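A.B. asks: Here is my input; please provide its structure:
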Amino acid sequence: MTHFPILSLLIWLPILAAIVVLIIGDDAHANKIRVLTLVTTLLSLVLCAVLWAQFSLTTYQFQFVENLSWIPAYNINYALGIDGISLPMVVLTVITTLTVILASWHVVQKHVAQYLATFLLMQGMVIGVFCATDTILFYMFWEAMLIPIYINIGMWGAERRVYASIKFFIYTFAGSVVMLVAILYLRAHAGSFAILDFYNLRLTQGEQDLIFIAFLLAFSVKVPMWPVHTWLPDAHTEAPAGGSVVLAALMLKLGIYGFMRFSLPITPDASHALSWLMIALALIAIVYIGLVAIVQTDMKRLIAYSSIAHMGFAVLGTFMVYLIMSNVANTGYAQMSLEGAMVQMVSHAFSTGALFIGVGILYARIHSRLISDYSGVARVLPVFAVFMMIFSLSNVGMPGTSGFIGEFFVILSAFKANFWIAFLAALTLILGAAYTLWMYKRVFFGKVTSEAVANLKPIEPAEFIALAILAFFVIFIGVYPQPLLNVFHASIGHLLDISLVSKL
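C.D. replies: Purely as a prediction, here's the structure:
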């Protein structure tokens, strides 16, 4: 354990760098700005490596803890710490920012400082969400991170960017306000805003139900779950490629993280009683949204809908634990279900984020997202086509890729609980293959039918590095997931223990 404030450095280094970048601000210094942004992210990655190396795998306790009195009159603290659930998310945040910066190296030529500053701000604030152990601090980072992505979509998005950014902001902000009410209610009973103090509260069934619903309204929008998912396709379609990557790789994970950090341990009885609702909503996302994805003609819109379906899988894995314990009372399969949800979050970030980068690379060259405007790309850009095939296969859940591990864990544990739920969940393997591989076939295979495709410029070295980083993690986790499983095993085990104990 270290007393060095490494978590604070991870949060505030990119935020301070963003301020410096904005002060420089002139496109005449664009290359210096890009280098400064890249160096900041690489330093953050070094800090993540230190965290990973010093992290103890044998305990579920929060590590690298920082606790300073912030507003003593209301017992609000600047409190940080990470466990096995938040550490992978912190590292994922930095890797995502790194790949976004590399992928946009030559794409954005105007307002470069402002564009890159939004991602630095987002990196710091998202890490703040994953590290905060005081709920007011958590809520401040949770709301503040909406601002840079709102600006990113609104300034650098496509034709309907203003509509998409406002819709995104209204949906996500409205749900979060209800969460604040729940936090204040818990504070009134616990005497502090510390998350761990909330875990020890005894609450009636009625109190738990209302608090669970309040959290559900906030987290379901972030996932997003059906029927509050409609902001995501619009936001993805209109956002620049970097904004789409951050939405898919990071912001969608915050909802599942919220369920694991708040809903299950604070309201276990309500989570158990309403698990049928969560499972039903997850299956709707997997099956119905998968069918919607098949008929899309816009590549980004198709990938956006596939994100909703894959996040439905993570929701299923999170709440399936109660059905497993009710039917077979096997904590091993219940833990497998939760760990499957965790792996699914990490895998989805790499594969879907990479697909959005790939579409962004094509859009920067041809200025079209329509599948019908492409054919035979593999003949012109064979290396790029190989990368996109790797990410497409992971999106399908092909063995040997990271996409297989999480889905396998969730489906296998679901079979122990209910055959028909497992059957419906397994349909994602068929539907995912249908919409992902059909899109790949139409875009990359066949004859080159347009002059624009025939004259496609090769991918830049920075773009190649970004895709190579993501491909490495997709294959590494798919072949050898044990290092990732080791990190969150103890914390997931503890989460399961406290989520199965009644607070009535």
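A.B. asks: which of the residues in stretch 444-451 are buried?
C.D. replies: For stretch 444-451, the neighbour count (16 or more other C-beta atoms under 10 Å) marks Phe444, Val448 as buried. Backbone N, C-alpha and C define where each C-beta goes, glycine included.
A.B. asks: ditto for stretch 355-373
C.D. replies: Of the residues in stretch 355-373, 355-366, 369, 371, 373 count as buried by neighbour count, 16+ other C-beta under 10 Å.
A.B. asks: could you pull out the strands for this protein?
C.D. replies: Taking DSSP state E, the strands of the chain run over residues 63-71, 76-82.
A.B. asks: which intervals of the stretch 1-150 of the chain have sub-threshold pLDDT?
C.D. replies: Flagging of the stretch 1-150 of the chain using pLDDT under 70 yields the residue ranges 1-3.
A.B. asks: ranges for the helices of it?
C.D. replies: In the stretch 1-150 of the chain, the helices defined using DSSP state H, counting those that start in this stretch lie at 6-24, 30-54, 86-103, 112-131, 135-144, 146-156.
A.B. asks: what's the single longest helix in this protein?
C.D. replies: When the chain is parsed with DSSP state H, its longest helix is helix 331-366.
A.B. asks: For that helix, what is the distance to the chain centroid?
C.D. replies: Centroid separation for helix 331-366 versus its chain: 8 Å, with C-alpha atoms, centre = their mean, to the nearest Å.
A.B. asks: Start the count at 16 instead of 1 going forward.
C.D. replies: Fine by me, first position is 16 from now on; the one you just mentioned is helix 346-381.
A.B. asks: how many degrees apart are it and helix 101-118 in direction?
C.D. replies: Helix 346-381 and helix 101-118 meet at an angle of 10 degrees, taking axes from the mean of the first three to the mean of the last three C-alpha atoms, to 10 degrees as the criterion.
A.B. asks: these two touch, right, Ile271 and Val238?
C.D. replies: Yes - if you go by C-beta atoms under 8 Å, Ile271 and Val238 touch, sitting 6.4 Å apart.
A.B. asks: re earlier: buried deepest among the strands of the chain, which one?
C.D. replies: strand 91-97 (a mean of 21; mean count of other C-beta atoms under 10 Å).
A.B. asks: Just the residues contacting that one, thanks.
C.D. replies: Residues from elsewhere that reach strand 91-97 (C-beta atoms under 8 Å, 6 or more residues apart in numbering): 22-23, 26, 66, 70, 77-85, 105, 145-149, 151-152, 208-209.
A.B. asks: Give the other helices and strands that the helix or strand of the chain with the lowest mean pLDDT contacts.
C.D. replies: Least confident element among the helices and strands of the chain, by mean pLDDT, DSSP states H and E: helix 246-253 (a mean of 78). Packed against helix 246-253, as judged by 3 or more C-beta pairs under 8 Å, 6 or more residues apart in numbering; DSSP states H and E, are the following elements: helix 176-205, helix 314-342.
A.B. asks: The longest helix of the chain versus helix 246-253: what angle between them?
C.D. replies: Helix 346-381 and helix 246-253 are oriented at 30 degrees to each other (the same axes, to 10 degrees).
A.B. asks: Tell me, please, where in the stretch 366-515 of the chain the pLDDT is lower than the cut-off.
C.D. replies: Of all residues in the stretch 366-515 of the chain, none has pLDDT under 70.
A.B. asks: where do the helices sit along it?
C.D. replies: Taking DSSP H, counting those that start in this stretch as the test, the helices found in the stretch 366-515 of the chain are 392-395, 397-411, 417-432, 434-459, 466-469, 476-494, 497-514.
A.B. asks: Pull the residues that contact the second one.
C.D. replies: Outside of helix 397-411, the residues that reach it under the criterion C-beta under 8 Å, 6+ apart are 321, 325, 362, 365-367, 369-370, 373, 376, 392-393, 416-419, 444, 447-448, 451-452, 454-455, 459, 474, 479, 482-483, 485-486, 489-490, 493.
A.B. asks: Repeat the analysis, applying 7 Å as the threshold.
C.D. replies: 321, 362, 366-367, 369-370, 373, 392-393, 416-418, 447-448, 451-452, 455, 459, 474, 482, 486, 489, 493 (C-beta atoms under 7 Å, 6 or more residues apart in numbering).
A.B. asks: in it, what's buried?
C.D. replies: For helix 397-411, burial by neighbour count (16+ other C-beta under 10 Å) applies to Phe399, Ala400, Phe402, Met403, Met404, Ile405, Phe406, Ser407, Leu408, Ser409, Asn410, Val411.
A.B. asks: Of the residues you listed, which is the nearest to Leu267?
C.D. replies: For the buried residues of helix 397-411, the residue nearest Leu267 by C-beta to C-beta is Asn410; the value is 14.2 Å.
A.B. asks: Quick check: neighbours shared by Ile271 and Val238?
C.D. replies: The contact sets of Ile271 and Val238 overlap at Val330 (C-beta under 7 Å, 6+ apart).
A.B. asks: Right, I'll leave it there.
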